[in-house]
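*Asks:* model the following, please.
(2 chains)
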Amino acid sequence: QKEVEQNSGPLSVPEGAIASLNCTYSDRVSQSFFWYRQYSGKSPELIMSIYSNGDKEDGRFTAQLNKASQYVSLLIRDSQPSDSATYLCAVATGFQKLVFGTGTRLLVSP
Amino acid sequence: EAQVTQNPRYLITVTGKKLTVTCSQNMNHEYMSWYRQDPGLGLRQIYYSMNVEVTDKGDVPEGYKVSRKEKRNFPLILESPSPNQTSLYFCASSFKRGGLEQYFGPGTRLTVT
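*Replies:* So this is what the prediction gives:
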């Protein structure tokens, strides 16, 4: 079982819709979770971090964490074509090591 | 401007010819790390450094060396590159002690023939 799993996609949504990206992880002691956005040919960019169960909102982005289910998600409201990218979930393991998922490709159509 | 820089950005080389990819950050970060990114495998950590003169292996250290003589610089050395080291390489740094919330350089695309 991979430490961090994401559906590779692509996830296709129309402009203005809500995009929901999901991630599961295997290490129960993980305490810190991150979402990175990576445009094609570019480097990953940190967009959200979440440390506690529940929701964390930042503009159009909401990160949701459920440690009991070992599940973290990212919601993007009012999706724009400029949101089209690969979204990487990263989880800090018990040894404070950052493990990345392979990413979900999001396509937002005008 | 706060940033992580890498050089070169693109490199084509031949098997066995030693090369160094430089990484520098101007944010006074203690933690620095090297990753490689391959299709279907995602980002995998090669080496990381918690501070000057402190380095440790990540998940895929074979065939790579690093050094951390100054806080701002963290070069990646391939003593004898092989075709399986053809990849996209990223350097990252973090202000957090545990190396979390990492900020990435622009990447170096390496091809070994």
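*Asks:* can we go C-alpha only for contacts and neighbour counts from here?
*Replies:* Will do.
*Asks:* strands along chain B, start to end?
*Replies:* B:4-7, B:10-13, B:19-25, B:31-38, B:42-51, B:54-57, B:65-66, B:76-78, B:87-94, B:103-104, B:108-112 (DSSP state E).
*Asks:* these: which one's closest to chain A?
*Replies:* Proximity to chain A (CA to the nearest CA) singles out strand B:42-51 among those, at 4.2 Å.
*Asks:* picking that back up, TSV please, covering the strands of chain B and showing mean neighbour count and mean pLDDT.
*Replies:* Output for those, formatted as TSV (neighbours: other CA atoms under 10 Å in any protein chain shown; pLDDT from 0 to 100):
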stretch	mean neighbour count	mean pLDDT
strand B:4-7	20	97
strand B:10-13	13	97
strand B:19-25	19	98
strand B:31-38	23	94
strand B:42-51	22	91
strand B:54-57	15	91
strand B:65-66	19	98
strand B:76-78	19	98
strand B:87-94	26	95
strand B:103-104	24	93
strand B:108-112	19	98
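*Asks:* need those strands in CSV (columns: distance to chain A).
*Replies:* Listed next are the strands of chain B as CSV, based on distance: least, CA to the nearest CA, whole Å:
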stretch, distance to chain A
strand B:4-7, 11
strand B:10-13, 12
strand B:19-25, 14
strand B:31-38, 9
strand B:42-51, 4
strand B:54-57, 11
strand B:65-66, 18
strand B:76-78, 17
strand B:87-94, 7
strand B:103-104, 6
strand B:108-112, 10
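*Asks:* dump the residue contacts of the nearest residue to B:Pro61 once chain neighbours are set aside.
*Replies:* Spatial nearest neighbour of B:Pro61, chain neighbours left out: B:Ile46 (4.8 Å); criterion: CA to CA, 6 or more residues apart in numbering or on different chains. Residues in contact with B:Ile46 (CA atoms under 8 Å, 6 or more residues apart in numbering or on different chains) are B:33-36, B:57-61, B:64.
*Asks:* between the residues you listed, which is closest to A:Ser12?
*Replies:* B:Arg36 (27.4 Å; CA to CA).
*Asks:* roughly how far apart are that closest one and B:Val60?
*Replies:* Going from B:Arg36 to B:Val60 by CA to CA, to the nearest Å gives 9 Å.
*Asks:* between these two, which contacts overlap?
*Replies:* Common contacts of B:Arg36 and B:Val60 (CA under 8 Å, 6+ apart): B:44-46.
*Asks:* cheers, nothing more for now.
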